[in-house]
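1. Give me a model of this one.
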Amino acid sequence: MKISAKVSNSLNHHEVWLDTNGTVSQLNIPSRPTGFGSSANGGELLFLSLATCFCNDLYREAAKKDITLSKVEVEASGEFTAEGEPGFNLTYEVAIEGDAPKSVLDTLIAHTDKVAEIHNTLRKGVSVTLTSK
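-> Next up, the predicted model:
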């Protein structure tokens, strides 16, 4: 699966495109009040990525086990200090409702934590390479 995200920014103009295997969608994130940059910061989008990945993966893994989920809530958070320093204390909380007993839903959450791709990418600590156009 090939995934990319693109940002185009100029005065009072901010566009975000997401692409997964050629399926493109846009995400509506306005410019900062100054007109330049994004109103959402990278940390917020990182934590949104963690929450979104886990939410989607819960539905995927539940379907494999014939569990129907009726509600999923995921809240991811963390901290950043000085400019240029990596984030720390990354955590997330999950609450789900479905047609299975609580013990089965708890097992589903634990299993999904082991297979969530974004989480495992961060846990592994992959390299990020800058290229130029």
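2. Do you have the helices of this protein handy? List them.
-> Ranges of helices within the chain are 42-64, 102-115, 117-124, based on DSSP state H.
3. just checking, what packs against the shortest one?
-> This means helix 117-124. The contact analysis (3 or more CB pairs under 8 Å, 6 or more residues apart in numbering; DSSP states H and E) places helix 117-124 against helix 42-64. The way it works is simple: take the backbone N, C-alpha and C, and place the C-beta from them, glycine included.
4. Check the average confidence over the helix it packs on, would you?
-> For helix 42-64, the mean pLDDT works out to 97.
5. Distance check, residue 90 against residue 33.
-> According to CB to CB, to the nearest Å, residue 90 and residue 33 sit 28 Å apart.
6. Next, the buried residues of stretch 16-34.
-> Neighbour-count burial for stretch 16-34, counted by 16 or more other CB atoms under 10 Å, picks out 16, 31.
7. from here on, count from 37
-> Done: numbering now begins at 37, and the last item shifts to stretch 52-70.
8. so what's the closest residue to residue 109 other than its chain neighbours up against?
-> Residue nearest to residue 109 in three dimensions, not counting chain neighbours: residue 131, with 4.6 Å by CB to CB, 6 or more residues apart in numbering. For residue 131, the contact set (CB atoms under 8 Å, 6 or more residues apart in numbering) comprises 107-109.
9. Just the buried residues out of these, in PyMOL syntax.
-> Applied in PyMOL, the following selects the buried portion of these according to 16+ other CB under 10 Å:
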select buried, resi 108
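10. how many other residues sit next to residue 77?
-> 11 (other CB atoms under 10 Å).
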